[in-house]
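# need a structure here:
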Amino acid sequence: MTVAEDLTARLARRLATSVTGTASFPVRAAHEYRPRQLARALVERIDARHLDMTLAEAAADTSWVDELDADTSLLLDWDGASDPAEPLMAVLAAARRPGVAPVLLVVCEADAPAGPVVRTARSAWSRQFERDAADALTRVCRGWAERVHDAVAADDLALLDLFLPPMNGPDIATVATAALGREVPLEEVLELPGRVPAVTGSVTGSAAFPPALAAQIIQVSMTRDPSRTVSLRRDLSTVLTDQDLDIIARDRALDFCAPFVALLSTTELASLTAFLPHEVPLAWHSLHEIQDYAAHLDRATRLLPEPWLRLLFTTTIGNDALFTPRLVEVRDRLMLATSRVQVPSTDQVSADLGEALGWLDECFRDLNEEAARSFRLRRAFKDEAHLLCLGMMGAADACLALTRLSDAQACLNKAHMLVEALTTDVREAPALLTGLPARDALMAAYAGMHERSETFLEEYEMCAARGGVREPEPEHVVEIARRFSAGAAPYPVRASADLPANTQFTPLEVQAEAELILAQRGPQAAVEWLLTLLSRSQWTDLMPFMWWPDLAMLALLDLREGRADDALARVQGAYLPQEVRLLIDAGAALVRGDAEDCLEAVRGLVAARSVSPRVTLIGYGYRVGAMAALGDPDLDGEVAAHATGWAANPALVAVLPETARARVLPVLEPAVAGKQGLRLSGGPAAAAVVLTPRQTDVLERLASERTLADIADELFLGVETVRSTSKAVYKKLGVHSREEAVRTARLSGLLVPGEHDETAGQR
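Numbers count the residues shown, from 1 in each chain. A predicted model of the protein is given here:
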């Protein structure tokens, strides 16, 4: 036996279990899969005798009917090109004469394309085949229905099975016993596939008609015996709405496990709903609610963070008498939060959030204590802990919306600790395990800690790859994190203002995009972007206070351009976090020339422990501007102290007023500092400097990293002359070192970045 023959025999052996008891079975594949050989091996395993012919031959010459009996199968070879409907109808009509329903195997060797386009070609051909075959399927099923109807109608259990969705054997037996008024044992259900033609059976013990065939048999039954059909359907409806009858395994399971559906990925949720029957009796409450949850989650009003919405939806499904007390309290608190979040007072919202954080922290401690003192945890412990982590993740989103960043990070840290303690795999709770690193990456990027953000982005990619999931919300969060980390790099900005409006993270995405636009295109383009998006905010589901990041960004841009009064007027009466309002006050004082007031405001700002690093970096920039205005001798030390932070976050330098930006720009890379949104209106202070020809020659050679002795030899000057000329250049540029002089000269246009390095290196 060859390898191909051995594989064919093995596959036929596996398929025989599924084919046994079916009325028909198509075998269609490309020639390299040996469909004809497989079909013959398959039919030999399920029947001792079969008739082998082409579909066209069987339709044209029906003499084979004389050889037909109840144990004979038909193996028909279809060419794959002609319409199979009419020949199949002719074969079925001919087979009706002996009064038997032979197993029908139709085999087709597809003329499939080869090469690199095989997948695309096959996919396109298959879709076309499905469209062309739809009407043919209906006609064939109608023919089968007319043929097998009498056999089905004679068996009351088979007739009842027509109206049932796919169910397991015990459930069918329970339903049938109540609906038919007689005891229907499980054995009778399991015998149904072999007793009635066209009923599909499997090793799991389920029995059901193919849906298209069931629909046609019901239509025939309504025509031939409408009274019996309607009566049976009415009795069945009565049974299925009896709350005391234990028939709905999936519905009853959802009664107590519905909250854990919140942990499923979007793909898993779609698979679950596809598994559920499309037409669900109204009494099956949990199944109805799960279908509604899956259909409307992505369109739900975003009054609460998505993790909380998931918990709210799923904890209102099922029987709360079967929930743990903690899950019942989760539901009650979320329902209260839905009503409280719509109040106009952000102080009340913040207070409610603080209470929620306290309760979550108490639950976190209780779960940790239970895990520490119990060797064997209760069965629902892990699932309940996962739901608590989902609640923590939602709390982090709420804290981020109210710029309580330290609280948000604390929530994420606790969720991480619990997940790690439980050794949870991403496949157990994909919505949770992909959501946590995505939010950590955003928190780090928003704070300006981009290396930390990159670490979490790598963790997210690992989780997504291991779990095979790409959830819409984590993907959105990750994209925002990447845009915050892009800074002034050549990262593409959006060509339009079409952003997802129904998500809590949209205001942050608008801010991240505005910072990119500011660095690459300048302040005017950034202002236009922000105003365009804010004008659309009233048509979103987000609460007005959620748009504070973009309002604050507009105020900072006003300060950048020296419009202190406009900045203060813009935020008057609007919700702003206290530290952001203090930051704007510090910037306004700097712009108005009140350097002492600016320094006082910055001192109060940086003294708070919970202030975001991004806010303090801007505040330090304002302090540099105020120190420069006062002639503070510690100015250089202040710039050096924060140089690393500014170099990693050039977009935060871009929002500084020109007096502060001029002092900070030298710490940036020349290519970054030269971006349109960062450079000074007339270049740096050195732009108005006029150098003598000798000073220009020396400056050009200073950029080449040559020693003073080398420069002196090249210009035929003494070393002391070069040294004194260099000091004169430093004085004119307002700097104290060679590196600062070269950087400032490049920013001002006195030197073209890179040009003099190359020229000097060639001399």
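
# in three-state terms, label Leu105 for me.
Of the three states, Leu105 takes strand under DSSP: H, G, I helix; E, B strand; the rest coil.

# which pLDDT value goes with it?
On the pLDDT scale, Leu105 is placed at 72.

# what's the burial count for it?
The tally of other residues near Leu105 (other Cβ atoms under 10 Å) stands at 24. The C-beta positions use only the backbone N, C-alpha and C, and glycine is treated the same way.

# quick one, strands of the stretch 151-300 of the chain?
200-201, 207-208 (DSSP state E, counting those that start in this stretch).

# next: the chain.
For the chain, the strands defined by DSSP state E occupy 24-30, 49-54, 72-78, 104-110, 200-201, 207-208.

# mind listing what the closest residue in space to Ile618 that isn't next to it in sequence touches?
Nearest residue to Ile618 in three dimensions, chain neighbours excluded: Leu652, at 5.5 Å (Cβ to Cβ, 6 or more residues apart in numbering). Counting by Cβ atoms under 8 Å, 6 or more residues apart in numbering, Leu652 makes contact with 448, 515, 614, 617-618, 621, 646.

# also Thr324?
By Cβ under 8 Å, 6+ apart, the contact set of Thr324 is 380, 384.

# how close does Ala626 get to Pro666?
According to Cβ to Cβ, to the nearest Å, Ala626 and Pro666 sit 18 Å apart.

# hang on, the earlier thing: out of the strands of the chain, which gets nearest to Ser724?
strand 24-30 (85.4 Å; Cβ to Cβ).

# hey, least reliable of the strands of the stretch 151-300 of the chain by pLDDT?
strand 200-201 (a mean of 51).

# tell me, how many residues neighbour Glu362?
10.

# kindly report the same for Leu516.
Neighbour count for Leu516, taken as other Cβ under 10 Å: 24.

# ok, it touching Ala651?
Yes - assessed by Cβ atoms under 8 Å, Leu516 is found in contact with Ala651 at 7.2 Å.

# any low-confidence regions in the stretch 601-750 of the chain?
Applying pLDDT under 70 to the stretch 601-750 of the chain flags the ranges 682-689, 747-749.

# hmm, try it at 50
683-687 (pLDDT under 50).

# what residues does the nearest residue to Ala525 once chain neighbours are set aside make contact with?
Computed as Cβ to Cβ, 6+ apart, the closest residue to Ala525 that is not its neighbour in sequence is Ile517, at 5.1 Å. Shown in contact with Ile517 (Cβ under 8 Å, 6+ apart): 493, 525-526, 529, 677.

# lowest-confidence one in the residues you listed?
Lowest confidence among those: Val493, with 65.

# tell me the domain boundaries of the protein?
Following automatic domain parsing, the chain resolves into domains at 3-112, 150-247, 251-424, 506-673, 685-762.

# which one, of these, ends up nearest to Pro430?
Nearest to Pro430, of the domains of the chain and by Cβ to Cβ, is domain 251-424 at 3.9 Å.

# how far off centre is the closest one?
18 Å (Cα atoms, centre = their mean, to the nearest Å).

# hmm, Pro102 is touching Thr72, no?
Yes - shown here, Pro102 and Thr72 form a contact pair, counting by Cβ under 8 Å, at 5.4 Å.

# comparing those two, which residue is more hemmed in?
A count of neighbours by other Cβ under 10 Å puts Pro102 above the other of Pro102 and Thr72, at 22 against 18.

# just tell me which of the domains of the chain ends up closest to Glu454.
Glu454 lies closest, by Cβ to Cβ, to one member of the domains of the chain: domain 506-673, at 11.5 Å.

# end to end on that closest one, go ahead and measure it.
One end of domain 506-673 to the other measures 29 Å (Cα to Cα, to the nearest Å).

# contact partners of stretch 260-272?
Identification of contacts with stretch 260-272 by Cβ under 8 Å, 6+ apart yields 254, 290, 293-294, 297, 307, 310-311, 313-314, 317, 383, 386-387, 390, 428-432, 434, 467, 469, 471-472.

# are any of these buried, and if so which?
By neighbour count, with 16 or more other Cβ atoms under 10 Å, these hold 254, 290, 293-294, 297, 307, 310-311, 313-314, 317, 383, 386-387, 390, 428-432, 434, 467, 469, 471 as buried.

# what about the residues you listed, which are in helices?
In helices, judged by DSSP state H, the following of the buried ones among the contacts of stretch 260-272 are found: 254, 290, 293-294, 307, 310-311, 313-314, 383, 386-387, 390, 430-432, 434, 467.

# spit out the contact partners of Pro474.
For Pro474, the contact set (Cβ under 8 Å, 6+ apart) comprises 434-435, 438-439, 460, 464.

# do Phe256 as well
318-319, 322-323 are the contacts of Phe256 under Cβ under 8 Å, 6+ apart.

# which one of these sits closest to Arg521?
So of the contacts of Phe256, ranked by how close each gets to Arg521 (Cβ to Cβ), first place is Gly318, at 52.6 Å.

# quick check, that closest one in contact with Ala258.
Yes - the pair formed by Gly318 and Ala258 meets the contact definition of Cβ under 8 Å, at 3.9 Å.

# what do those two both touch?
Here Gly318 and Ala258 have 286, 289 as joint contacts, going by Cβ under 8 Å, 6+ apart.

# just name the shakiest helix or strand of the chain by mean pLDDT.
Taking mean pLDDT, DSSP states H and E as the measure, the helix or strand of the chain with the lowest value is helix 755-762, at a mean of 44.

# quick check, pLDDT for Ser496.
For Ser496, pLDDT reads 59.

# how close does Gln511 get to Leu311?
Going from Gln511 to Leu311 by Cβ to Cβ gives 28 Å.

# do a quick rundown of the helices in the stretch 501-650 of the chain.
Secondary structure of the stretch 501-650 of the chain, counting by DSSP state H, counting those that start in this stretch: helices at 506-521, 523-535, 548-560, 564-571, 578-592, 595-607, 613-630, 635-641, 643-648, 650-654.
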